[in-house]
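> kindly return the folded structure for what I paste below:
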Amino acid sequence: MKKLTILLCMILGSLFAACGSKSVTDHAVQQESGTEQSSSEQTEDMDNEDMTQTSAQSDQEAALRQYADTVPIVYMTEEISSKSLVNLYRSLDEKMKGNHTAVKISAGELPSGNNLEPELFRELVQVVEGTIVTCSTRDDLQPAENSKLSEIAKVTVLDEDGSQTIPVEDGLHLKENYVGNHFSEYDGLLVISYFQGHAAAGFDGAVKNVSVGISSAEGKCLIYSAGSSDTDPRGANQDTFLESMAEAGKSVTDAMNGNVLYMNIMNQRSIDGGFDDTASERDGREIGVLASADPVALDQACVDFVYMEDGNETFVNWMEKLNGEYALEYAEKIGLGSSAYTLVSID
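Numbering: from 1, shown residues only. Reported below is the predicted structural model:
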């Protein structure tokens, strides 16, 4: 069953409207009751009503704000531009901390992956004083795309000098995760993903890219094999792969001490990897850019948009075929994030 999207901004608007000033109609009903009152009595009654109304409004606002403190916020803009990405980042309650921020941009695999536009990211990378990072394995950026990105910032291949291990705490399948040797040079991570279908995970978003996207070749094998091999990616069923993916993502956020932020760009829905012509078709519709400090909440919001929009049957069928949302359920279970969220537009 689909989770209900929590739109706090809409709830606030409806409640504030309900708690607004008394209408002329309300006052007229009182007069039609046939009870005669002096002017002073009427004023006193109106004052009492205003006080009761103000108190109720304050109680509702306090309850909502207390609720908002416990639910991650997903910020959104419908504009997809260099300026909007910066505005979205500045709207986040949390900012990148530390002195060395890695920026991981995942555009999907060719032939159906998105065409990178380096200028879209230039200003944001400069604002966070980041280094763009990639991995040398096949499901990362292609060499030509690395070359394009090197025009706007320094690009480092995390595993060009081999791998290192980071621990996976209380993993059901993984005890350790392999990342590139240069991973330890960074104290913060900004993960930018083009939200689209993924050939193995169901969809390509924040959880997938903070795990598979950061892992080295050995790490990817461990994830895809559910911990059985660091040289062979086969051997896991779909759900154990998704669980391993979430565990690897948790290991990365733990290693960064939680200093990780995420953005998902929703500008077209396609299935990367191009397994068949139907699956890899792009619809070309732009929803916008969403961002959060919580990868599970962010991906859940994007999945909900896919379900709410008409014409996404191919995407939905692909996600459901691969049980993609299960990765979010398991990620929530192990503490990577929350599937509940508040959606706030900055437009």
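> how many residues are close by residue 156?
17 (other Cβ atoms under 10 Å). No exception for glycine: its C-beta is placed from N, CA and C like everyone else's.
> write down the beta-bridge partners of it, one by one.
In this entry, residue 156 is beta-bridged to residue 133, by DSSP bridges.
> quick check: it touching residue 131?
Yes - look at residue 156 against residue 131 with Cβ atoms under 8 Å: they come within range, at 5.5 Å.
> list the residues that are in contact with both of these two.
residue 102 (Cβ atoms under 8 Å, 6 or more residues apart in numbering).
> pLDDT at residue 46, what is it?
pLDDT, residue 46: 59.
> what is the burial count for the residue lying closest to residue 253 once chain neighbours are set aside?
Excluding the flanking residues, the one nearest residue 253 by Cβ to Cβ, 6 or more residues apart in numbering is residue 260, at 5.2 Å. Counted by other Cβ under 10 Å, the residues lying close to residue 260 total 26.
> quick check, residue 260 in contact with residue 188.
Yes - with contact defined as Cβ under 8 Å, residue 260 reaches residue 188; the gap is 7.2 Å.
> nearest the geometric middle of this structure, what residue?
Centroid-nearest residue in the chain, with Cα atoms, centre = their mean: residue 298, separated by 2.2 Å.
> what about it, which helix or strand?
helix 295-308 (DSSP states H and E).
> and whatever helix or strand comes next after that helix, what does it pack onto?
Next along the chain after helix 295-308, taking DSSP H and E as the criterion, comes helix 313-321. Contacts defined by 3 or more Cβ pairs under 8 Å, 6 or more residues apart in numbering; DSSP states H and E place helix 313-321 against strand 196-198, strand 202-204, helix 295-308.
> off-centre distance for the second one?
The chain centre lies 13 Å from the centre of strand 202-204; the measure is Cα atoms, centre = their mean, to the nearest Å.
> and residue 216, what does it touch?
Applying Cβ under 8 Å, 6+ apart, the residues contacting residue 216 are 135, 137, 158, 159, 162, 163, 178, 179, 180.
> and with 10 Å instead?
Neighbouring residues of residue 216 by Cβ atoms under 10 Å, 6 or more residues apart in numbering: 135-137, 158-160, 162-165, 177-181, 183, 222, 230.
> quick one: it and residue 157, what's the gap?
10 Å (Cβ to Cβ, to the nearest Å).
> residue 320 against residue 197, yeah?
No - in this structure, residue 320 is not within contact of residue 197 by Cβ atoms under 10 Å, at 11.2 Å.
> low-confidence ranges in the chain?
1-57, 59-69, 108-115, 137-147, 269-285 (pLDDT under 70).
> what is the burial count for the closest residue to the residue nearest to the centre of the chain other than its chain neighbours?
Leaving aside its chain neighbours, residue 298 sits nearest to residue 292 (4.1 Å; criterion: Cβ to Cβ, 6+ apart). Residues lying near residue 292 (other Cβ under 10 Å) number 31.
> do residue 233 as well
Residues near residue 233, counting by other Cβ under 10 Å: 17.
> give the contact list for it.
Residue 233 neighbours (Cβ under 10 Å, 6+ apart): 200, 217, 220, 221, 222, 223, 224, 225, 241.
> how near is it to residue 136?
Relative to residue 136, and taking Cβ to Cβ, residue 233 is found at 16 Å.
> next one: residue 293
Noted for residue 293: a distance of 29 Å to residue 136, by Cβ to Cβ.
> likewise for residue 219?
12 Å.
> for residue 292, list each beta-bridge partner.
residue 262.
> just checking, it touches residue 206?
Yes - judged on Cβ under 10 Å, residue 292 makes contact with residue 206 at a distance of 7.9 Å.
> where do the contact lists of those two overlap?
Common contact partners of residue 292 and residue 206 (Cβ under 10 Å, 6+ apart): 261, 262, 263, 264, 298, 299, 300, 337.
> most neighbours among those residues, which one?
Neighbour-wise, these (other Cβ under 10 Å) top out at residue 299, 32 neighbours.
> I figured that one hits residue 208, correct?
Yes - Residue 299 is within contact range of residue 208, at 8.2 Å (criterion: Cβ under 10 Å).
> next, show the common contact partners of the two.
193, 195, 324, 327.
> now the third one: phi and psi?
By that I understand residue 324. When read as degrees, to the nearest 10, the backbone of residue 324 gives phi -60, psi -40.
> list the contacts of it.
Here residue 324 is in contact with 197-198, 200-205, 207-208, 238, 242, 299, 303, 315-316, 318 (Cβ under 10 Å, 6+ apart).
> and if we set it to 7 Å?
Neighbour list for residue 324: 201, 202, 203 [criterion: Cβ atoms under 7 Å, 6 or more residues apart in numbering].
> so how far is residue 305 from it?
14 Å.
> what does the second one give?
Distance of residue 195 to residue 305, computed by Cβ to Cβ: 9 Å.
> who has more neighbours, the two?
Neighbours per residue (other Cβ under 10 Å) separate residue 195 from residue 305, with residue 195 holding more: 31 against 20.
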